[in-house]
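1. Predicted model and sequence below, questions to follow.
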Amino acid sequence: MQYWNFKNNLLTFIFSFPVLASFAQENSPYSRYGVGNLKQTENISNRGMGGVAVADDNPLQANPINPATYTGIRMTSLQIGLEGSRVTIRNSNGTHRTGSSTLSYINIGFPVAKNAGFSFGLLPQTRSTYNMQKYSSLPGIDDNALSTYFGGGGLQKVYIGGAYKYQQLSVGLNTGYNFGSIQNSTTTEFTDSLDINSSNFSARTVMGGFFWQLGLLYTHKIDEDMSLKGGGSYTGAQSLRAKKEMRWETYRYDITDPYFQVDSVIDAKGKIQIPGQAALGLMLSQGDYWQVGADLSMSDWSNFRSYEQADSFGKQFMFKFGGAITPDINSVNNYWKRMTFRAGIYTGQDLVRFNGTSLTRSGITVGLGYPIRRTNNSIGQLNAVLEFGKRGTLNNGLVREGYTRFAIGFTVNDKWFIKRKYD
């Protein structure tokens, strides 16, 4: 059997962007590469600050971006995040609008001792959803071939982690399992007047593997209320075990049974190599009143391999800056003073790279934290963020995505393991 190596190069596509899906279905051309688009995994409250999270040890939320921050947890927290997006895709041929709604995360965190914390949960990592077409002129023939590209899937991880604090230094570790599947299909059709068989290629890759992430956090007390925190995290490179099923078909419209299988591969074993990622962050805060911080993350996606094949990736980095303010967290009669107001920006270089052109990504965020209840033993908060961003470029025949995202997160806190004073 001859192994068909399909070259995934966006520059071969001239997208017409027909209405292939409703608003409820996402359609991102760049998610066709690798294991899909990288998802934001920060808490909704951190997204409101542009995604700043590496040095944020919020006492009421587990922050899996840096496991060392678990030592700051003071109450058990249950968190659920949901998001919806509207994306406008542009290229030289037109505009296509699409959208989606997905789960952002679900996790639990709680203190296990005065200087130790623990967390576990589910974090979606990547998402691939695309549906697009191109017309190609046939050399020497006054006709076109219509190719349709469709796919979906993604990766998610379940994690468990803990952290311990000694004096001003906290050390944390996350580990768990990264798993998911990616589906891709390509159909090329010709008009009935041509004596050429149409073709269909489809593939499904299932993958999974363990990961680890190390985190550090150092806290310097400037005075009684003000502190400066510095954090860092590193997620090791992953080698995911993979199985792939592939199927090739040809068919004709002018016969009774048009489909003919010409080749297939079942359970082709291989590896998906995902690069490591490093992140650094600083956070300056004054008690529960305000905080401001900055993060820098870096990853070399040119090291990505799928069945020993590289993809159209390069070095990726992102700079984030943002802050938050709560006018008066102890206000009794004024809800506005107890609300938290957030804002931030981010900018950097995306992992996708075509013919020497690196894609950029940038955006601004505004967020709000709304207290929903407060007692001696329990606290609740509703967090929301509105994000405006863009990705890609119209240069060199590429595609630009402009997006608006709205995300909402629910946090419920409670005190567990309270010692009884009376039997």
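-> That came in fine, so what should we check first? Numbering: from 1, shown residues only.

2. hang on, Tyr30 is in a helix, isn't it?
-> Yes. Per DSSP: H, G, I helix; E, B strand; the rest coil, Tyr30 lies within a helix segment.

3. what's the burial count for the residue nearest to it when sequence neighbours are not counted?
-> Leaving out its chain neighbours, the residue that sits closest to Tyr30 by C-beta to C-beta, 6 or more residues apart in numbering is Val352, at 5.3 Å. All C-beta spots, glycine's among them, are computed from the backbone N, C-alpha and C. Counted by other C-beta atoms under 10 Å, the residues lying close to Val352 total 26.

4. all helices of the stretch 301-423 of the chain, in order?
-> Under the criterion DSSP state H, counting those that start in this stretch, the stretch 301-423 of the chain contains helices at 335-338.

5. which intervals of it have sub-threshold pLDDT?
-> Along the stretch 301-423 of the chain, the parts satisfying pLDDT under 70 run over 373-378, 416-423.

6. again, only using 50
-> 422-423 (pLDDT under 50).

7. sorry, back to before: isn't the residue nearest to Tyr30 right next to Phe313, touching?
-> Yes. If you go by C-beta atoms under 8 Å, Val352 and Phe313 touch, sitting 6.4 Å apart.

8. what do those two both touch?
-> Tyr33 (C-beta atoms under 8 Å, 6 or more residues apart in numbering).

9. I'd like the distance from stretch 146-155 to the chain centre, please.
-> With C-alpha atoms, centre = their mean, to the nearest Å as the basis, stretch 146-155 stands 18 Å off its chain's centre.

10. For the stretch 151-300 of the chain, just list every one of the helices.
-> Counting by DSSP H, counting those that start in this stretch, the stretch 151-300 of the chain has no helices to list.

11. Look up the closest residue to Leu359, ignoring the ones flanking it.
-> Asp350 (4.0 Å).

12. What ranges in this structure fall below the confidence cut-off?
-> Scanning the chain with the threshold set as pLDDT under 50 gives 1-24, 422-423.

13. cutoff 80 now
-> Where the chain drops to pLDDT under 80, the residues are 1-26, 92-93, 133-145, 189-198, 251-263, 329-335, 355-356, 373-379, 397, 415-423.

14. ok, now which ones touch Trp301?
-> Trp301 touches 34, 275, 313-316, 351, counting by C-beta under 8 Å, 6+ apart.

15. Now tabulate those in JSON lines and tack on distance to Tyr370 and neighbour count.
-> Listed next are the contacts of Trp301 as JSON lines, based on distance: C-beta to C-beta, whole Å; neighbours: other C-beta atoms under 10 Å:
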{"residue": "Gly34", "distance to Tyr370": "37", "neighbour count": "24"}
{"residue": "Pro275", "distance to Tyr370": "38", "neighbour count": "20"}
{"residue": "Phe313", "distance to Tyr370": "39", "neighbour count": "21"}
{"residue": "Gly314", "distance to Tyr370": "40", "neighbour count": "18"}
{"residue": "Lys315", "distance to Tyr370": "39", "neighbour count": "15"}
{"residue": "Gln316", "distance to Tyr370": "34", "neighbour count": "23"}
{"residue": "Leu351", "distance to Tyr370": "34", "neighbour count": "25"}
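
16. Just put these in TSV and tack on distance to Ala242.
-> Converted to TSV, the contacts of Trp301 look like this (distance: C-beta to C-beta, whole Å):
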residue	distance to Ala242
Gly34	13
Pro275	16
Phe313	17
Gly314	23
Lys315	24
Gln316	22
Leu351	19
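
17. related to what we said a few turns ago, state the distance from the residue nearest to Leu359 to Asp311.
-> Using C-beta to C-beta, to the nearest Å, we find Asp350 at a distance of 13 Å from Asp311.

18. With neighbour numbers in mind, choose between these two.
-> Remark: of Asp350 and Asp311, Asp350 carries more neighbours, 21 against 18, as counted by other C-beta under 10 Å.

19. wait, what's in contact with that one?
-> Contact analysis of Asp350 by C-beta under 8 Å, 6+ apart lists 30, 316, 358-361, 391-392.

20. let's go with 10 Å and repeat that
-> The neighbourhood of Asp350, defined by C-beta atoms under 10 Å, 6 or more residues apart in numbering, consists of 30, 37-38, 301, 313-314, 316-318, 358-362, 391-392.
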